[in-house]
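> Structure of the sequence below:
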Amino acid sequence: QLGTSGSGNHFVEFGEFVIERPLQSEGSALAPGRYVALLSHSGSRGTGAAVCDHYSKLAMNAGHSLSKDQARLAWLELSSQEGREYWDAMNLMGEYASANHAVIHRELLRAIGEKPLATFENHHNFAWKETHDVGRGPEELIVHRKGATPAGKGVLGFIPGTMASPGFLVRGKGLGASLDSSSHGAGRAMSRTKARDTY
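You can find the predicted model right below:
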């Protein structure tokens, strides 16, 4: 399935990209102006969800004495074999998702006979080891950004809009109160289930 978009809210589309001031990142530089952009939003094509589901079940069966309402807050210690396996598998799925985007973009650009002037990519719905001060001095934390994306100082990220409103390429401000995070999308007024039942 490498090189395919998938279902849900995943998409691949062309659009107009407006740059208001010079944009530089990792060897890419674009002058202010209007460009044609190719945007893809997809993941690890189900394998990441399968990894998450497998290790979540292991965590929920690890005997944390959580109530039924709290069961999905169960965890695996990174010092345990299962915890290390989960961390490695999650990172592998992140690499797979990145490769998936690379293949989609490479093949579409090859089909239309073009080459990119610049490329930008960022993960979301992922976890990172980072150092933050949450009131006890700097410490290493695992920061999981479900529905969020990294927004450390100067870090580029993309926030998709809706089918009727634009998305934005943003540069993080590095706000410690948000653990250097930003929202990952426009959100929705109701769940998919509610929308299906209503419309």
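> Next, the buried residues of the helix or strand bottoming out on mean pLDDT in the chain.
Lowest by mean pLDDT, DSSP states H and E among the helices and strands of the chain is strand 23-25, with a mean of 81. Residues of strand 23-25 classed as buried: L23 (neighbour count, 16 or more other C-beta atoms under 10 Å). Just so you know, the C-beta spots here come from the backbone N, C-alpha and C atoms, and that holds for glycine as well.
> quick check, distance from it to the centre of its chain.
When distances are taken as C-alpha atoms, centre = their mean, to the nearest Å, strand 23-25 is centred 20 Å away from the chain's centroid.
> quick one, what contacts the spatially most central residue of the chain?
Nearest to the centroid of the C-alpha atoms of the chain, with distances taken as C-alpha atoms, centre = their mean, sits H124, at 1.3 Å. The contact partners of H124, taken as C-beta atoms under 8 Å, 6 or more residues apart in numbering, are 145, 147-149, 184.
> before we move on, the earlier item: so what are the sheet partners of the helix or strand just after the least confident helix or strand of the chain and their directions?
Using DSSP states H and E, the helix or strand that follows strand 23-25 towards the C-terminus is strand 28-30. On the basis of DSSP bridges, the sheet neighbours of strand 28-30 come out as strand 23-25 (antiparallel).
> Helix, strand, or coil at R188?
Classification of R188 into helix, strand or coil gives coil, according to DSSP: H, G, I helix; E, B strand; the rest coil.
> tally of neighbours for it?
By the criterion of other C-beta atoms under 10 Å, R188 has 11 neighbours.
> Disregarding residues adjacent in the polypeptide, which is nearest to it?
For R188, the nearest residue in space outside its immediate sequence neighbours is A195; the separation is 7.7 Å by C-beta to C-beta, 6 or more residues apart in numbering.
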